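> This is a predicted model, with the sequence first.
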Amino acid sequence: MRSKRSCVHRLKKHCGQDYSLIISITIWELLCQTPETRAIVEKLAAEYKLAISRYYGEADVDGGYAAPVASKLDTLSAKLRSLQPGGTKLFVFHIGLDVPEMSAMEDMNPSGPKDMSKHRHAELNALISPAFQQLLHDPRYRLVNYRMLTGRKRIKKV
């Protein structure tokens, strides 16, 4: 637990106190593989006032990571348009730049796409594109972050 606490402490120190509520632990699947490690992660989240993604009843939305590089924008836009009203939806994005350091990495998931850096860069470009930004700001959607969700009661998901 000491090393996890040290990592969380450094993260908070680096980000500053003002951001402590919006830092979310998004790797909980890796850290919570046993009841013991889950308890450690939950204790650290409470101690450092961190939100743990998927603990607030969010509905996972299948992202566009596996979509072909050339159709990332179309895929993400279609997924956003297809959302039904009600509840909080969770999109998980894998963004990056297509640079030599990222190109050297391989997706460790057996089903992960080849040329990971190209997929991550295409996802970034889709998210920051004017067309996607315009769609995001449509009145049908309300963007929220974990600071806004922390006022809600946590729903522990096993």
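All right, it came through fine.
> what's the closest non-adjacent residue to the one residue sitting closest to the centre of the chain?
By Cα atoms, centre = their mean, the chain has its centre lying nearest to residue 92, at 4.0 Å. Spatially, and ignoring its direct neighbours in sequence, residue 92 is nearest to residue 63 (5.7 Å; Cβ to Cβ, 6 or more residues apart in numbering). Using the backbone N, CA and C atoms, a C-beta is placed for each residue, glycine as well.
> State the number of residues packed around the one you found.
By the criterion of other Cβ atoms under 10 Å, residue 63 has 17 neighbours.
> Quick check: the gap between residue 40 and residue 56.
Per Cβ to Cβ, to the nearest Å, residue 40 is found 20 Å from residue 56.
> ranges for the strands of the protein?
24-25, 51-52, 59-61, 89-91 (DSSP state E).
> where along the protein do the helices fall?
Assigned by DSSP state H, the helices in the chain fall at 2-15, 28-31, 35-47, 72-81, 100-103, 116-128, 130-136, 146-149.
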